[in-house]
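Asks: no sequence on this one, just coordinates:
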């Protein structure tokens, strides 16, 4: 099963110039805890933005070429989706924007850190989705560095 995970602003802002627009320590810890021990799939630009391989997880990168340090490089996304869509294992999609678009129709769960802020200079966005097709569960609310946020899990009905 595929699950998307991201931190987004009021306008679904994700990033700017290859970096996250919101930096919340508690969100980083939440991301690590939720994805630990699972496969994480990301686009090449997201991979290159990381300081290194995400430890304790199988790092899968969408790329037409071999990717140094990645556990697996996937060049045929449709084939990967078809081969893994029915697995009971939770595979986390961690970005970027276009990768989220590709996987959204196949996602069983969407874990969002909904940040009560806007970033007008964002250049990467999470795709809009029909929330009526999901049940919404609030996991936790918090505040850090003048940013109010809510950890939310959307589960497909």
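Replies: All right, it came through fine. Please read these numbers as outputs of a predicted model, since none were measured by experiment.
Asks: quick check: phi and psi at the residue of the chain most remote from its centre.
Replies: Centroid-distance maximum for the chain: residue 146 at 23.1 Å, with CA atoms, centre = their mean. Backbone torsions for residue 146, taken as degrees, to the nearest 10, come to phi 60, psi 10.
Asks: from residue 22, how far out is it?
Replies: Residue 146 sits 11 Å away from residue 22, going by CB to CB, to the nearest Å. All C-beta spots, glycine's among them, are computed from the backbone N, C-alpha and C.
Asks: now do residue 124
Replies: Taking CB to CB, one finds residue 124 at 12 Å from residue 22.
Asks: which neighbours do the two share?
Replies: residue 13 (CB atoms under 8 Å, 6 or more residues apart in numbering).
Asks: list the residues that contact residue 2.
Replies: Contacts of residue 2 (CB under 8 Å, 6+ apart): 81, 84-85, 90-91, 93, 103, 106-108.
Asks: make it 10 Å
Replies: Applying CB atoms under 10 Å, 6 or more residues apart in numbering to residue 2 gives the contacts 39, 41, 81, 84-85, 87, 89-93, 103-110.
Asks: keep only those of these that are in strands.
Replies: Using DSSP state E, the subset of the contacts of residue 2 located in strands is 39, 41, 91-93, 107-110.
Asks: report the two of these separated the most.
Replies: 39 and 110 (16.8 Å; CB to CB).
Asks: between the two, tell me which one has more neighbours.
Replies: residue 110 (24 against 19; other CB atoms under 10 Å).
Asks: how much space between the residue lying closest to residue 108 once chain neighbours are set aside and residue 124?
Replies: Spatially, and ignoring its direct neighbours in sequence, residue 108 is nearest to residue 1 (4.5 Å; CB to CB, 6 or more residues apart in numbering). Separation of residue 1 from residue 124 (CB to CB): 25 Å.
Asks: compare the two (neighbour count), which wins?
Replies: residue 124 (22 against 15).
Asks: need the residues touching each of residue 146 and residue 22.
Replies: Common neighbours of residue 146 and residue 22, counting by CB under 10 Å, 6+ apart, are residue 117.
Asks: contacts for stretch 8-15, please.
Replies: Here stretch 8-15 has contacts from 6-7, 20-22, 45-46, 49, 95-97, 100, 112-129, 147, 149, 152, using CB under 10 Å, 6+ apart.
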